[in-house]
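Undergrad: The following comprises the amino acid sequence and a computationally predicted model.
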Amino acid sequence: MITTQNKRVLSGMRPTGKLHLGNYMGALYNWLRLQREYDCYFFIADFHALTTDYEDTILLPEYIHEVALDWLGAGLDPEKCTLFIQSWVPQHAELHLLFSMITPLGWLERVPTYKDQLLQLGNTEAGGKDLSTYGFLGYPLLQAADILIYQANYVPVGEDQVPHVELTREVARRFNNFYGTSPHVFPEPDVLKTPSPKLPGTDGRKMSKSYNNTIQLADPEAEIRAKLKTMVTDPARIRRTDPGNPEVCPVFDLHKVFSSTETQQKVREGCTTAGIGCIECKSWLADAVVRELAPIQERRAAFAAQPDLVTEILREGSARAALRAEQTMREVRTAMHLPQLPPRL
Ligand code: TRP
Ligand code: SF4
């Protein structure tokens, strides 16, 4: 029987604080399934956070902890997958440095996210960050090191990250060409396409921390209900007596993800005939979201009450990841004719 059990999957998230429903449906929800089918490595990309947020790092420990709580709350299971912190596996930095020697600048300058982000975040005249740094240009190369240090086969990421996996494949190919061993040190990883519905936030735009329109996994019920109560609806439905069109309503987009088909049918029927009001419709949505989050929040709270356990989980995961990473580094050093580390160094 062909199995996927021994195929390695790797993905990471930057620690930017508590996760929201968009992060959950876009990534974490898929990881829950993957941890049962593959040898999964999931890490908190704290080095990556520094590529843009290097000036004020005071919140970094809190953000790392919140992400870990959200992961464990959602049901990532340290018995089934390896959960770790990037900076606790220094081999990521070591491989990144070696890759920086062989990667032409043009490859990095051509990565589409580089110019996009530079324009979006890097306008210092508009109060943006100074992103004309070495580290920011190297962001996707660090990501290549993250992936290749585990000789990963699959990388579950969103559409925006596809160019980074493409670069990873090019770096792997270049390394394998220069330092030809048989078999090659690095496999060329593939993007693992996973369903990721685009969730609107409460203002109807894409749910995103930077728009301040999110519902967080850890939001208490009252807050979820309050946020959804003010969510934008079909703009043409002004009065209670106006029929609405669910297909253009962001509230209905969330119903499609969280509500039962029966509830969705009730909404379609009630909305288009003005049989229900938006307040009622939103309260049904809140019921569904609260129901989805209840078990997550219960587990999350249990871990939040044991911060030392969370640290221990990440420590163990990082130790396991480092063993695997060091195995790759030994192959890399041999291929590049670098001296192996003496024992006990
Ligand atoms: N760049 C990714 C993001 O912003 C996070 C990340 C860092 C990552 N290293 C990775 C994702 C390696 C997958 C594999 O979402
Ligand atoms: Fe949107 Fe529901 Fe109001 Fe219809 S009833 S416009 S689907 S919130």
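TA: Done, it's in. Because the structure is predicted, anything quoted here is derived from the model rather than measured. Ligands and ions are numbered 1, 2, ... in the order given.

Undergrad: Assign the residue lying closest to residue 331 once chain neighbours are set aside to helix, strand or coil.
TA: The shortest distance from residue 331 to any residue other than its chain neighbours is 5.0 Å, reached at residue 185 (CB to CB, 6 or more residues apart in numbering). The C-beta positions use only the backbone N, C-alpha and C, and glycine is treated the same way. Three-state call for residue 185 (DSSP: H, G, I helix; E, B strand; the rest coil): coil.

Undergrad: How about the contacts made by residue 185?
TA: Residues near residue 185 by CB atoms under 8 Å, 6 or more residues apart in numbering: 151, 175-176, 179, 328, 331-332, 335.

Undergrad: now residue 96
TA: Residues in contact with residue 96 (CB under 8 Å, 6+ apart) are 138, 141-142, 144-145.

Undergrad: for the longest helix along the chain, the distance to its chain's centre please.
TA: Ordering each helix of the chain by length in residues (DSSP state H) puts helix 307-336 first. Distance of helix 307-336 from its chain centroid, counting by CA atoms, centre = their mean, to the nearest Å, is 20 Å.

Undergrad: any idea of the pLDDT on the closest residue to residue 232 other than its chain neighbours?
TA: Nearest non-adjacent residue to residue 232, counting by CB to CB, 6+ apart: residue 204, 4.3 Å away. At residue 204, the model reports a pLDDT of 97.

Undergrad: Wasn't residue 204 part of a helix?
TA: No. Residue 204: not assigned to a helix; according to three-state DSSP it is coil.

Undergrad: shouldn't it be in contact with residue 234?
TA: No. Taking contacts as CB atoms under 8 Å, residue 204 lies outside contact range of residue 234: 10.1 Å.

Undergrad: Strands of the stretch 1-150 of the chain, residue ranges please.
TA: Remark: strands assigned in the stretch 1-150 of the chain by DSSP state E, counting those that start in this stretch are 8-13, 39-44, 82-85.

Undergrad: Kindly report the same for the stretch 151-300 of the chain.
TA: 154-155, 190-191.

Undergrad: now for the last one, which elements pack on it?
TA: Right, the one you point to is strand 190-191. Counting contacts by 3 or more CB pairs under 8 Å, 6 or more residues apart in numbering; DSSP states H and E, strand 190-191 is packed against strand 154-155, helix 162-178.

Undergrad: wait, does it make contact with ligand 1?
TA: No. On the criterion CB under 6 Å from any ligand atom, strand 190-191 is out of touch with ligand 1, staying 9.5 Å away.

Undergrad: Partner strands of that strand, with direction?
TA: Next to strand 190-191 in the sheet, as set by DSSP bridges, lie strand 154-155 (parallel).

Undergrad: does any part of the partner strand sit near ligand 1?
TA: Yes. Using CB under 6 Å from any ligand atom, we find that strand 154-155 touches ligand 1 at residue 155.

Undergrad: Can you get me the centre-to-centre distance for that strand and its chain?
TA: Chain-centre distance of strand 154-155: 13 Å, with CA atoms, centre = their mean.

Undergrad: got it, and stretch 76-84?
TA: Centroid separation between stretch 76-84 and its chain, computed with CA atoms, centre = their mean, is 15 Å.

Undergrad: Please apply the same query to stretch 214-232.
TA: Mean C-alpha position of stretch 214-232 versus that of the full chain (CA atoms, centre = their mean) differs by 21 Å.

Undergrad: Now do the same contact list for the residue sitting furthest away from the middle of the chain.
TA: The centre of the chain is farthest from one residue, residue 241, which by CA atoms, centre = their mean lies 41.9 Å away. For residue 241, the contacting residues are residue 274, by CB under 8 Å, 6+ apart.

Undergrad: do residue 341 as well
TA: residue 333.

Undergrad: separation between it and residue 146?
TA: From residue 341 across to residue 146, the span is 21 Å (CB to CB, to the nearest Å).

Undergrad: How many residues are close by residue 109?
TA: Using other CB atoms under 10 Å, residue 109 is surrounded by 10 other residues.

Undergrad: Buried residues in the lowest-mean-pLDDT helix or strand in the chain, which are they?
TA: Of all helical and strand segments in the chain, the minimum by mean pLDDT, DSSP states H and E falls on helix 112-121, at a mean of 89. Going by neighbour count (16 or more other CB atoms under 10 Å), the buried part of helix 112-121 is 113-114, 117-118, 121.

Undergrad: which one of the strands of the stretch 1-150 of the chain lies closest to ligand 2?
TA: With CB to the nearest ligand atom, the closest approach to ligand 2 among those belongs to strand 8-13: 30.9 Å.

Undergrad: Not counting the closest one itself, show me its contacts.
TA: Contacts for strand 8-13 (CB under 8 Å, 6+ apart): 19, 23, 27, 31, 34, 38-45, 48, 67, 86, 143, 146-147, 150-157, 189, 192.

Undergrad: Which positions in it come out as buried?
TA: Buried residues in strand 8-13, counted by 16+ other CB under 10 Å: 8-13.

Undergrad: tell me the mean pLDDT for it?
TA: Here the average pLDDT along strand 8-13 is 98.

Undergrad: And stretch 183-200, by the same measure?
TA: For stretch 183-200, mean pLDDT is 93.

Undergrad: Show me how far stretch 144-156 is from its chain's centre.
TA: Distance, stretch centre to chain centre, for stretch 144-156: 15 Å (CA atoms, centre = their mean).

Undergrad: Please enumerate the helices of the stretch 151-300 of the chain.
TA: 162-178, 221-229, 250-258, 261-272, 278-304 (DSSP state H, counting those that start in this stretch).
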